[in-house]
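>>> from the sequence below, what's the structure:
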Amino acid sequence: PSSTPAMALRAQKMGCAWGRLCLVLSLLLQLPGSQAKCYFQAKAPCEYEGKQFSLGESWLSTNCLLCTCLHPIGVGCCETTQHPIDFPDWCEAHYDSQTCQISVVQKANPSLPCVKSMEHEWGSTGTPEPLS
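Numbering: from 1, shown residues only. Alright, predicted model coming up:
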């Protein structure tokens, strides 16, 4: 009989932990740019670069993944970069690992952003419009 309140308290704490887990997972899956890929590592330790993290705490990894501790069941990580998918063939995506940003630049001159200009008109599929 004396262990019943302790068991009830433990069950209440687990329910709270699972509720927080569901909240964290739903937030991870709703990051800006719904194309973001998320990963779950079951039984992974909540540790990064020698630092321990508690349930719900997050960290940014060196490969630009935002990871969240889901102790005791593992770690959830989502990409933080949005990958451009629709741009003209005279442009290319450049990834900056320092800022975790992707920019679209001109292939001919990567120091210039990919923008609509008189020389390069964008059509509905990213190809030049036919001249009449």
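
>>> ok, residue 63 - contacts?
residue 97 (Cβ atoms under 8 Å, 6 or more residues apart in numbering). C-betas here are computed from N, CA, C, even on glycine.

>>> the protein: strands as residue ranges?
Under the criterion DSSP state E, the chain contains strands at 38-42, 47-48, 51-52, 58-60, 65-69, 74-79, 91-96, 101-106.

>>> contacts for the second one next, please.
Applying Cβ under 8 Å, 6+ apart, the set of residues contacting strand 47-48 from outside is 53, 59, 61, 67.

>>> put together TSV for the strands of the chain, with mean pLDDT and distance to residue 114 on each row.
Below are the strands of the chain laid out as TSV (pLDDT from 0 to 100; distance: least, Cβ to Cβ, whole Å):
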stretch	mean pLDDT	distance to residue 114
strand 38-42	92	28
strand 47-48	95	35
strand 51-52	96	39
strand 58-60	94	27
strand 65-69	94	26
strand 74-79	93	22
strand 91-96	89	4
strand 101-106	90	4
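
>>> quick one: which of these is nearest residue 112?
strand 101-106 (4.8 Å; Cβ to Cβ).

>>> which positions in the closest one come out as buried?
For strand 101-106, a neighbour-count test (16 or more other Cβ atoms under 10 Å) marks 105-106 as buried.

>>> ok, and what's touching that strand?
Residues contacting strand 101-106 (Cβ under 8 Å, 6+ apart): 81-84, 87, 90-96, 111-114.

>>> this completes my enquiry, with thanks.
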